[in-house]
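**Q** for reference, the sequence and a predicted model appear below.
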Protein chains: 2
Amino acid sequence: MKGDQRKKEILKTAAQLFRKKGYNAISMRDLAQALGIKAASLYNHIKSKQEILSLIVMEVAESFTLGIDSISKSKISSIQKLNQIIELHVNITIEHADAISSVNNDWMHLKEPDLDSFIKMRDGYEDKLRKIIKKGIKDKEIADINIEVMLFSMLSTLRTLHLWYSKKQGINKEELCGQMKHILLKGISLDK
Amino acid sequence: MKGDQRKKEILKTAAQLFRKKGYNAISMRDLAQALGIKAASLYNHIKSKQEILSLIVMEVAESFTLGIDSISKSKISSIQKLNQIIELHVNITIEHADAISSVNNDWMHLKEPDLDSFIKMRDGYEDKLRKIIKKGIKDKEIADINIEVMLFSMLSTLRTLHLWYSKKQGINKEELCGQMKHILLKGISLDK
DNA sequence: AAAGTTAACTAACAAGTGTTAGTTTTTCAA
DNA sequence: TTGAAAAACTAACACTTGTTAGTTAACTTT
């Protein structure tokens, strides 16, 4: 369990590199060089390049799945659920900014069974969010605009948060959460 | 000027493939096979793989630049300008859905001088949009929330429109434009 | 029908890919 | 301090990459 430390460094560095150029543009020699070792040495710690991608992407995907599951079943209003979903995204983005890039852009290079599992998680996530919005409309908490447009707009903003967050240092988590909630929810919620 | 026809087919097919797996994951042999020819035959029509990417990305980038320039200098209210920007994105997305994927995810694989030119166009685009928002706030047309959060939220939704548009067939352009305007502007505009 | 042009082909190249085998160095508890 | 375990190394593999050279087939145009 000591070697775990080095493995974590490898995953962290890989995520940084994947973020800049994408999974396929980074060779094992690139990754090794960034760590100051030779490519073959990586294999003392990891099974394959595929495993690296899988560990990076699946961990974050599972965090999202866990988060939305918990929010979904809690007994709060739909608007409060959306607020918590925004917090979930902000938290995961801050903690795994590099990994999220691969979750967005490199997931299609996963191999089975991870690929299938990832897609199921992603679809499941969208569907749970869709149901929350639907219920919010029924309960007159949320405006009756096209659900799919609303869902897409929220998700695309939240999913690409990492592109923008790393560029701005002058904003803290609470402030960011607050402004995201304003932007994403003010246009759709019916009451205060 | 006859060969232009074949060249366009190559670019179109390349954009489709790049969209699915990214520039680096598609080999010249993959591209050739999708066209029913051998890889070497591609070079009767194009100079290099790089040229393919460049033609795909730069054309769309220039459309956006042209569009925002024209909107910027027209004498209409800030809210009207934002409306036109939404229309610009919807139009380009519908016409170049595949290419937009590369504009978002593969631009970093451009070589100089295209890379530099692309980044300048992209930064210029963001800055013009930022100035429109700023003026809208000054003129009390737009709510005085954090400009950068507003800018980012709009852009991330508009830039990833292609991810979602191709999945839905039951929506026409006008309807889409209308709902995007509602979602993106209702939360930030001060009056109707 | 002949000649010329366009666009396909086969074959091959140099360089780069992920990965394995076998060996040496480093780390650190006994 | 010795011996084992961990982690680095060198060298090589089979395969894929973008691209070029040279050749043949398929069209237009005369």
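**A** In hand now; what should we look at?
**Q** which residues touch residue A:114?
**A** A:54, A:57-58 (CB atoms under 8 Å, 6 or more residues apart in numbering or on different chains). All C-beta spots, glycine's among them, are computed from the backbone N, C-alpha and C.
**Q** er, residue A:27 I mean
**A** residue A:39.
**Q** what parts of chain A come near DNA strand D?
**A** A:2-3, A:5-6, A:32, A:36-41, A:44-45 (CB under 7 Å from any atom of the strand).
**Q** cross-check these against DNA strand C and keep the overlap.
**A** A:39-40.
**Q** would you point out the most distant pair within the residues of chain A next to DNA strand D?
**A** A:2 and A:39 (22.1 Å; CB to CB).
**Q** and the lowest-mean-pLDDT helix or strand in chain A, what's buried?
**A** Within chain A, no helix or strand scores below helix A:173-186, which has a mean of 86 by mean pLDDT, DSSP states H and E. Applying a neighbour-count criterion of 16 or more other CB atoms under 10 Å in any protein chain shown, one finds A:176-177, A:179-185 buried in helix A:173-186.
**Q** which strands or helices does that helix pack on?
**A** helix A:78-95, helix A:147-159, helix B:147-159 (3 or more CB pairs under 8 Å, 6 or more residues apart in numbering or on different chains; DSSP states H and E).
**Q** could I get the average pLDDT for the second one?
**A** Translated: helix A:147-159. Across helix A:147-159, the average pLDDT comes to 92.
**Q** can you list contacts of the least confident helix or strand of chain A?
**A** Residues contacting helix A:173-186 (CB under 8 Å, 6+ apart): A:79, A:82-83, A:86-87, A:90-91, A:94, A:153-154, A:157-158, A:161, A:165, B:145-146, B:149-150, B:153, B:186-188.
**Q** what ranges of chain A fall below the confidence cut-off?
**A** Filtered on pLDDT under 70, chain A yields the residue ranges A:1-3, A:187-192.
**Q** secondary structure element holding the closest residue to residue A:65 other than its chain neighbours?
**A** In space, and not counting its chain neighbours, residue A:65 is closest to residue A:121: 4.9 Å by CB to CB, 6 or more residues apart in numbering or on different chains. Element membership of residue A:121 [criterion: DSSP states H and E] is helix A:114-138.
**Q** centre of the chain to that helix, how far?
**A** 14 Å (CA atoms, centre = their mean, to the nearest Å).
**Q** repeat that for stretch A:171-181.
**A** That offset, for stretch A:171-181, works out to 17 Å (CA atoms, centre = their mean).
**Q** same question, stretch A:72-86
**A** Worked out by CA atoms, centre = their mean, stretch A:72-86 lies 18 Å from the chain centre.
**Q** now do stretch A:12-32
**A** Relative to its parent chain, stretch A:12-32 has a centroid offset of 18 Å by CA atoms, centre = their mean.
**Q** buried set for it?
**A** Residues of stretch A:12-32 classed as buried: A:13-19, A:22-26, A:28, A:31-32 (neighbour count, 16+ other CB under 10 Å).
**Q** just the residues you listed now: which is nearest chain B?
**A** Within the buried residues of stretch A:12-32, distances to chain B taken as CB to the nearest CB reach their minimum at residue A:24, with 3.8 Å.
**Q** without its sequence neighbours, what residue ends up closest to the closest one?
**A** What sits nearest to residue A:24 in space, not counting adjacent residues and going by CB to CB, 6+ apart, is residue B:24, at 3.8 Å.
**Q** could you do residue A:111 as well?
**A** residue A:50 (5.7 Å).
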